[in-house]
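model this:
(2 chains)
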Amino acid sequence: MKSLLSWFFVVVPVVAFSEAQISDPDLEGLAIYGDEDFISIATGVSQPIAKAPAVASVITALDIKRLGATDIDQVLETVPGLHVARSTIYNPLYNFRGIHSDFNPQVLMLINGVPLSNLFHGDRNLVWGGMPVESISRIEVIRGPGSALYGADAFAGVINIVTKGYSELEETSAGGRLGSNHSADFWISGATVAGPVELSAMLELHKTNGANELVVSDGQSFLDFVTGTNVSNAPGNTNLERDNLDLRLEAATEHVRVRLGAQIRNDFGEGAGAAQLLNRENNFESKRYNIDITYAKEDFFPHVDLEVQVSHYDTSQEVEGDFLVYPPGSTGPFLTPTGIPIFGIFPDGVIGSPEIFENHSRAGFTAKYDGIRKHDISFGSGYYHGEIDRVTEEKNFGINPVTLLPILPGDPVVDVSDTPFVFLTEDQRENTYIYVQDVWRFANDWELTAGLRYDDYSDFGSTTNPRLALVWSTSYQLTTKFLYGEAFRAPSFAQTRAINNPLILGNLDLKPEEIKSYELAFDYRPSYDITLNMNFFYYDWSDIIQFIPDSSGSTRTAQNAGEQNGKGLEFEAKWTITDSLKFSGNFAWQDSYDELAAADAANSPEKQLYLRTDWQINNRWRINMQANWVMDRNRAADDLRDPVGDYVLFDMNIRNKLSENMEIALIINNLFGEDAFEPSPNAMPSPFIPNDLPLAGRSFLGEIRYKF
Amino acid sequence: MMLVLQPAFSLETTAEKGTPGPRLAVVFPEVRQPFLKVYHTIAEGAAEGFGGPTSQIILDLKKPTNDLESRIGNHMVVALGGRGVTQLDPVELAHPLVVGAVSRRIPGVYGMSMVPEESVIVTKLHALAPETGRVFVVVRANDNIIDLKSAQLAFNHLGIQLVIHEAEDLRAAAVIYRKVIRTLGPGDAVWIPSGDRFVGNALLSILLQASWKSEFVVFSSNPTHVKRGALFSVYPDNFQMGVRLGELARKVAEGGQQQAGMEPLQSVFVTLNERTSNHLGILLTDDMKEHIDLVLPAR
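Sure thing, here's the model as predicted:
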C-alpha cells in the first residue's frame, strides 16, 4: 500500500492551476482553496475587504512590507490623488485633490475607527513624529468627503488604520533596521490565548538623527537683514531627530475587543522650525494613550447587528527645556511697520514654551438592520467630549501677569500658565450626533446608498451632511459609481481660542468649513490580470478658515475667508503580468482655483505619476521598485517665487527570504539622490524660508525579521 | 505554540503520562502560513474527534526523517497533505494510516479527501438558486475525482436535471463549453467541479461573461472563481474535517472500522459573490443566509 501511495503522489500531477493558484507540490491537498488570498480569508488571517461606495483604496500589511515602507506616509504617498506635503516642522500634510492648508485638519485619520484629531489644530498632533507600520493590518483611504458617516473633518479624505490582532500576530516575531542618519528600528510582537480571550501585543521603537538637509535662509535671516543683527542659524540643517515608542495591546473575546495604544515621542526635532527658524536645541515630546472597548454582536435582535464602542484618547504636546522661538541676540518679530525693533535685542532669545494636554472621550453605537427586503439600513448615534484640560506656557515676552507690565528683553522667563496672558484658552467641546444610512438594491445591478448625519456642537452649532452613492454593475467587467457628498470641518481651538501668540490669533466667531463634492468613478477589469480604475471629481470648498495676516504684519488671525473649487481625475492600473511580476501605477490630475486670490490654488501638485513593479525573482529573492513624480505645484498668488520644482523619487526594496523564519532586506529611498523640495509657506513681505523645505537625500536601511 | 515547535517533546510528555488506550499523532509537513494554519486547525479537530492523547508532528521537508519511526512509536497516525503521506511511506506503522487533506480519493486507505461530497454542493445550489432546473457539467472522460453517479442521484432527488458532457482534452472541453453556453438562460447552471483542469482564465472569462449576459448560474468547487464572478463555492470546514478524521482514527485503532476507503468531505463552508447574486436578482432570505459563511462583497 505504501508504494501505491508513493506512486500516486509522484505520477499524478498536482492539478494544473492557472496563474496565482496554489501549485507548490508541498501544498498538495490545499489547492482546493484556489489561491493564497482566499486561504488567508478562509483561515481568518485576513478579511474580505468591503469597499465603501466611494473612491477608496485599501493597502494591506503585505503591500506595505513589499513597498519597504517604514512609516505610514510612505504608504499614503502611493494613493492616487493624495500627496504628502510637509509643514515647516515636517509634519505630514495629506493633500487630497488639491486641498492644502497649513495644519491639514481637512483630513480625518482614525486608528480602528477612533479619530486622532486634536482640538488644538485639528491635526494629528504637532509633535506627530510619524507612525510606524509593522502594527498595521491595513489602511483604508477614502478620497472625498465622508462626514455623513464619520462626522467632522472627514472632509478632503479619510484614512482609517486597522491594527493587527491575534490572527496576524499569532507567530511571535521580531525585527530591526539600521541605516542612514543613525536610524534604528526594533519591533517585537506576539499573541497567546488565555481561556476565551485572545491576547496580542506589539512594540515598535524608532530612533533616528534624521536627515540633515540644508536650509539656506530662515525667518531670522530676514530679521537679521531688517534689523542688522546676525544671529540666524541658517544656512543650517533640518533637525528631524526622532525617538519614538509605539505600543499596541489587544484582548478579544467573541464579542468584546479591548485595544490599548501608546505613542510616545521624545527628542522630536522641529525640522525647519515651528516658527520657521532653525534651532537644533529645540526639542519636543508627546505622549498619546488610547483605549477603546468595542462590543459587536450579529443578530443582537432579529435582523439587527449591533456594535457599541467607547473610547478615550489622551494627548500632549510638550517642550523639552525651553522653546527658542527666536535665537539669542534676535529682536524677535516685534517691529514697527517700518521695521524698527520695539523692544531691542533679546539676549536669551525669544522664549515661549507652550504645552497642551488634551483628552477625548467617545461613546457611540451602530445598528445594522436587514429585515426589509432589498434594504440594508444602518443607524447610529453617539456623544463626544473633548477638552484641552491643561495649557501651560513659560515665556520672556508679552505681559507679566503679576506686574501687568511688559516682559522686556533680558527679563527671566515668566510662567503665564492659568493667567489671561497664556497663548490659548483652556476649553472643552461637546458633540452629539445621529445618522442613518440606507443601502437600497432597487433593481438588479443597481444600488443606491443614501445617508444623512446630524451633528450638534456645543461651541459652533449644528450641521447636517448628506451623501448619495449610486453604484451600477454596468457589465461583467465594469462597475460605475455616481457619488455626491457634503462634509464639514470643525474650527480648531487654535483658530478659535488662540490668544497672546506672537504668530497666530484665534477668532471665536468662526463657522465650520464646508465642502460639496461630485464624483463619477469607473472600475473596469478587462481580464483577471488587469484592473483599471478611473474617476472624475469636482468639489466646492467654502468658508475656508485661513490665518490672514493682520495689519501689524507679525500676527495672523483666523477668518472664514477662502473659497476654492477644483476638478480633476485619477487613473489607476494594476497588472499582474505573471504570478511573480506585478506592475501598478496611477496618475492624478487636479486643477483647483482659489476664488479669494483669483488664482490657481497653491502648493498641491497638479499632476502626479506613480509607477511600481514588484518582482519575485525566485523563492528567496524579491525586488520592489517605485517611482513617484510630483509635478506642477503653484505658488500662492502673492508669492513671487518661481513655481516649486518638480521631482521624481525612486525607491528600491530588495528582500531575501533566508528561511521560512528569517528574512533580510535592503531598502534604498531616493535612490538617485534627487534634490526634492516641498513648498514652504509664503509670508509678507517675503517667505521666511524662501528656498523651500528640502526632503531627505539618498538613504539606506538594512532590515532583518525573524519568526520564532 | 511550544507544542507545535517541539513535537518530539510533546510525544514524550503524553507517553510519560501513561494514559491508557490508543494515542494519536497528527503528522503534517511544515509549510508556510497561512497554509500551516489549515493543518493546525485540522489537527485541533482531530484531537477533539479522537478523544484521547494527541500530538502533532511537523515534518521539515528539507531534512531527512530518519527518526520519524521512533517519534511515532505505536501511535495511531493521521497524515495530512500529500507530502505528509509520502514522508510516511518508508515508515513501518503500528496501525493502519488515516489520511486527510489530500485532493483525491485514494483507493485502499482510510481517510477523507478535500473533495466535497457531491450531495453537499447540490444542496447548496438548491438553497441559493432554487430556480435552477438544469445543471451542466463538463468532465474529463474516465476521470474519477467526482462521483458522477452519486451527483446525478443527488441532483435528480431535488428535481434538477444533470447534463454531463465528457471531453478528452482542453480543446474538446472548450468547444463543448462554447456550444453549451449559447443555449443557457435563467434556470440553468454550470458546475465547475472539483479537480477541473479545463477551466483556465480564458475559458472562465468567456463562461462568466456569458452567465452575466444570459443570467445563468455558474457555481464552482474553486473558491477563487467566486472572486471572479461565479455565484458560490464551497471550501472545507477544517475543524469539523479534523473531528471526523479523529473519530475515524479512533474507530480504526479500536478495530471498529472494517472497510478501508476515503470518505468525501461533508462539512463545508460556502462563499458567495454579492455582485453576482445582485445581478441575478437573488434576494437572500434568512434561510439562504444560513447557508452562507463568507460573502465576497461587491466592488
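
can you give me the helices in the stretch 51-200 of chain A?
Listed in chain order, the helices of the stretch 51-200 of chain A (DSSP state H, counting those that start in this stretch) span A:61-67, A:72-76, A:147-150, A:166-169.

nope, the stretch 351-500 of chain A is what I was after
Remark: helices assigned in the stretch 351-500 of chain A by DSSP H, counting those that start in this stretch are A:493-497.

flag the shaky bits of it, pLDDT-wise.
Under the criterion pLDDT under 70, no range of the stretch 351-500 of chain A is flagged.

thinking again about what came up before, looking at the helices of the stretch 51-200 of chain A, which is buried most?
Stretch with highest mean neighbour count among those: helix A:147-150 (a mean of 25; mean count of other CB atoms under 10 Å in any protein chain shown). Bear in mind the C-beta positions are built from the backbone N, C-alpha and C, glycine included.

quick one, longest strand in chain A?
Looking across chain A with DSSP state E, the single longest strand is strand A:556-578.

hmm, back to that, possible to save the helices of the stretch 51-200 of chain A as TSV with distance to chain B?
Output for the helices of the stretch 51-200 of chain A, formatted as TSV (distance: least, CB to the nearest CB, whole Å):
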stretch	distance to chain B
helix A:61-67	11
helix A:72-76	21
helix A:147-150	16
helix A:166-169	8
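
next SSE downstream of the helix or strand B:A173 falls within?
Per DSSP states H and E: B:A173 is located in helix B:170-181. Going down the chain from helix B:170-181, the next helix or strand is strand B:188-192, by DSSP H and E.

mind putting the helices of the stretch 51-200 of chain A into a markdown table with mean pLDDT?
Supplementary listing: those in a markdown table, determined by pLDDT from 0 to 100:
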| stretch | mean pLDDT |
| --- | --- |
| helix A:61-67 | 94 |
| helix A:72-76 | 98 |
| helix A:147-150 | 93 |
| helix A:166-169 | 91 |
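
looking at those helices, which is closest to A:T474?
Comparison of those against A:T474 by CB to CB identifies helix A:147-150 as nearest, at 24.7 Å.

show me where chain B has helices.
Per DSSP state H, chain B carries helices over the ranges B:2-5, B:7-17, B:35-50, B:68-72, B:82-87, B:118-128, B:148-157, B:170-181, B:201-214, B:223-227, B:238-253, B:274-279, B:286-290.

can you redo those as CSV with distance to chain A and mean pLDDT?
Shown next, in CSV, are the helices of chain B (distance: least, CB to the nearest CB, whole Å; pLDDT from 0 to 100):
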stretch, distance to chain A, mean pLDDT
helix B:2-5, 8, 35
helix B:7-17, 16, 38
helix B:35-50, 4, 91
helix B:68-72, 13, 78
helix B:82-87, 3, 75
helix B:118-128, 12, 91
helix B:148-157, 17, 88
helix B:170-181, 10, 94
helix B:201-214, 4, 94
helix B:223-227, 3, 91
helix B:238-253, 8, 91
helix B:274-279, 5, 94
helix B:286-290, 8, 86
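
can I get those in a markdown table with mean neighbour count?
Below are the helices of chain B laid out as a markdown table (neighbours: other CB atoms under 10 Å in any protein chain shown):
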| stretch | mean neighbour count |
| --- | --- |
| helix B:2-5 | 12 |
| helix B:7-17 | 14 |
| helix B:35-50 | 23 |
| helix B:68-72 | 16 |
| helix B:82-87 | 24 |
| helix B:118-128 | 21 |
| helix B:148-157 | 16 |
| helix B:170-181 | 16 |
| helix B:201-214 | 18 |
| helix B:223-227 | 24 |
| helix B:238-253 | 23 |
| helix B:274-279 | 21 |
| helix B:286-290 | 12 |
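
would you reformat the ones you listed as JSON lines and include distance to A:K374?
What follows is those, written out as JSON lines (distance: least, CB to CB, whole Å):
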{"stretch": "helix B:2-5", "distance to A:K374": "47"}
{"stretch": "helix B:7-17", "distance to A:K374": "53"}
{"stretch": "helix B:35-50", "distance to A:K374": "37"}
{"stretch": "helix B:68-72", "distance to A:K374": "57"}
{"stretch": "helix B:82-87", "distance to A:K374": "46"}
{"stretch": "helix B:118-128", "distance to A:K374": "17"}
{"stretch": "helix B:148-157", "distance to A:K374": "30"}
{"stretch": "helix B:170-181", "distance to A:K374": "29"}
{"stretch": "helix B:201-214", "distance to A:K374": "20"}
{"stretch": "helix B:223-227", "distance to A:K374": "22"}
{"stretch": "helix B:238-253", "distance to A:K374": "34"}
{"stretch": "helix B:274-279", "distance to A:K374": "10"}
{"stretch": "helix B:286-290", "distance to A:K374": "14"}
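
counting neighbours, what do you get for whatever residue of the stretch 401-550 of chain A ends up closest to chain B?
Nearest residue of the stretch 401-550 of chain A to chain B, counting by CB to the nearest CB: A:Y476, 3.8 Å away. By other CB atoms under 10 Å in any protein chain shown, 19 other residues sit near A:Y476.

also A:A272?
Neighbours around A:A272, by other CB under 10 Å: 30.

for A:P347, same thing?
For A:P347, the neighbour count with other CB under 10 Å is 11.

what of A:I188?
17.

so it sits against A:L169, correct?
No. Between A:I188 and A:L169 there is no contact under CB atoms under 8 Å: 10.2 Å.

list the contacts of the nearest residue to A:A469 once chain neighbours are set aside.
Excluding the flanking residues, the one nearest A:A469 by CB to CB, 6 or more residues apart in numbering or on different chains is A:P53, at 3.6 Å. Contacts of A:P53 were listed using CB atoms under 8 Å, 6 or more residues apart in numbering or on different chains, and they are A:439, A:447, A:449, A:469, A:471, A:481, A:483.

tell me the contacts of the closest residue to chain B within the stretch 251-400 of chain A?
Closest contact between the stretch 251-400 of chain A and chain B, by CB to the nearest CB, is at A:R373 (6.1 Å). If a contact means CB under 8 Å, 6+ apart, then A:R373 has B:L283 as its contacts.

returning to what we had before: between the contacts of A:P53, which sits nearest A:G339?
For the contacts of A:P53, the nearest to A:G339 is A:L483 (51.5 Å; CB to CB).

right, and that closest one touches A:A469 too?
Yes. With contact defined as CB under 8 Å, A:L483 reaches A:A469; the gap is 5.0 Å.

need the overlap of contacts for those two.
With CB under 8 Å, 6+ apart as the test, A:L483 and A:A469 both reach A:53-54.

chain neighbours aside, what residue packs nearest to B:Q240?
According to CB to CB, 6+ apart, the nearest residue to B:Q240 is B:S267 (3.5 Å).

any idea how far that neighbour is from B:G195?
According to CB to CB, to the nearest Å, B:S267 and B:G195 sit 19 Å apart.

ok, and what's touching stretch A:288-297?
Contact with stretch A:288-297 is made by A:111-114, A:125, A:255-265, A:305-316, as judged by CB under 8 Å, 6+ apart.

and the residues you listed, which of them are in strands?
Reading strands off the contacts of stretch A:288-297 with DSSP E, I get A:111, A:114, A:256-265, A:305-316.

for ChimeraX, what selects the buried ones among these?
Buried members of the ones in strands among the contacts of stretch A:288-297 can be picked out in ChimeraX with the line below, counting by 16 or more other CB atoms under 10 Å in any protein chain shown:
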select /A:111,114,257,259,261,262,263,264,265,305,306,307,308,309,310,311,312,313,314,315,316
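
hang on, the earlier thing: which residue is the nearest non-sequential neighbour of the residue of the stretch 401-550 of chain A closest to chain B?
Of all residues not flanking A:Y476 in the chain, B:W212 sits nearest, at 3.8 Å (CB to CB, 6+ apart).

surely the one you found and A:S475 touch.
Yes. The pair B:W212 / A:S475 is scored as a contact, 6.9 Å apart, by CB under 8 Å.

where do the helices sit along the stretch 201-350 of chain A?
Using DSSP H, counting those that start in this stretch, the helices assigned to the stretch 201-350 of chain A run over residues A:219-227.

which residues of the stretch 551-700 of chain A lie near chain B?
Neighbours of chain B within the stretch 551-700 of chain A, by CB under 8 Å from any CB of the partner chain: A:E660.
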